[in-house]
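Chemist: give me a model of this one.
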Amino acid sequence: MEHAEPLPAFLVSRHRARRASLTAEQRARRAELADLGQRPQAMIVACCDSRVMVTDVFGLEAGDFFVHRNIANLVPPFTPDGQQHGTSATIEFAVTSLRVKHLIVMGHSGCGGVESCHESQTSGGRKGPEATSFVGRWLDILAPKVGPIASLGLDRGRTLRALEHETVLLSLRNLMTFPFVREAVEAGTLHLHGIWQDLGDADLEVYDAATGAFRPI
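Modeler: Residues are numbered from 1 along each chain as shown. Alright, predicted model coming up:
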């Protein structure tokens, strides 16, 4: 590949330091995973924001979680159109092949995807190249929710927070449009969860279906 270049020195240095820091127990665990394969108990769908450290939320080690990240932690509805769907393929593999017991959607504060969607929808919608860009089309999943939330009369900060929560709830609803997810949930072999993290203080909120609200834990 003529355009592929060597890793920059700072990444090589960080890799070597990370490897040197592994304990004997961690090395043994990695060797076991390499030989026996993965058997994660849960999958997490999170945002690809570089500040979101999925492995820090629950103090995870290699093999604990099957992780998928995308812009604004969105799950699209089930769309069997024969096209390529990265998020849907990852969910399918987790549920039907790995048979994870828990599927968690994780939102976060200060989500740039949420803010971008809010700004475009409250200023008349996406126009020009933005309307057909990969990011623009992806955020169309959330776009219909902007108007109803914006009409609540909240200040900007609370509106964005509500939309960040909505990315989690919308994704949970869309998960149930996948036949294999619905079947597993109804059979009691799969459990869906929604969480939201404040990046500033790392506090975590969990969605409580009984009250219809996010509650701190």
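
Chemist: I'd like to know how far Gly113 sits from His15.
Modeler: Gly113 sits 29 Å away from His15, going by C-beta to C-beta, to the nearest Å. For glycine as for every other residue, the C-beta is placed from the backbone atoms N, C-alpha and C.

Chemist: let me fix that: Arg156
Modeler: Arg156 sits 41 Å away from His15, going by C-beta to C-beta.

Chemist: repeat for Ala143
Modeler: Applying C-beta to C-beta to Ala143 and His15 gives a distance of 39 Å.

Chemist: again with Leu190
Modeler: Relative to His15, Leu190 is positioned 35 Å away (C-beta to C-beta).

Chemist: who has more neighbours, the two?
Modeler: When Leu190 is set against His15 and neighbours are counted by other C-beta atoms under 10 Å, the residue ahead is Leu190, at 22 against 11.

Chemist: which helix or which strand is home to the residue lying closest to that one once chain neighbours are set aside?
Modeler: What sits nearest to Leu190 in space, not counting adjacent residues and going by C-beta to C-beta, 6 or more residues apart in numbering, is Ala184, at 3.6 Å. Assigned by DSSP states H and E, Ala184 belongs to helix 179-187.

Chemist: so Phe214, which of the three states?
Modeler: Three states are possible here, and by DSSP: H, G, I helix; E, B strand; the rest coil the one that applies to Phe214 is strand.

Chemist: alright, I will stop here.
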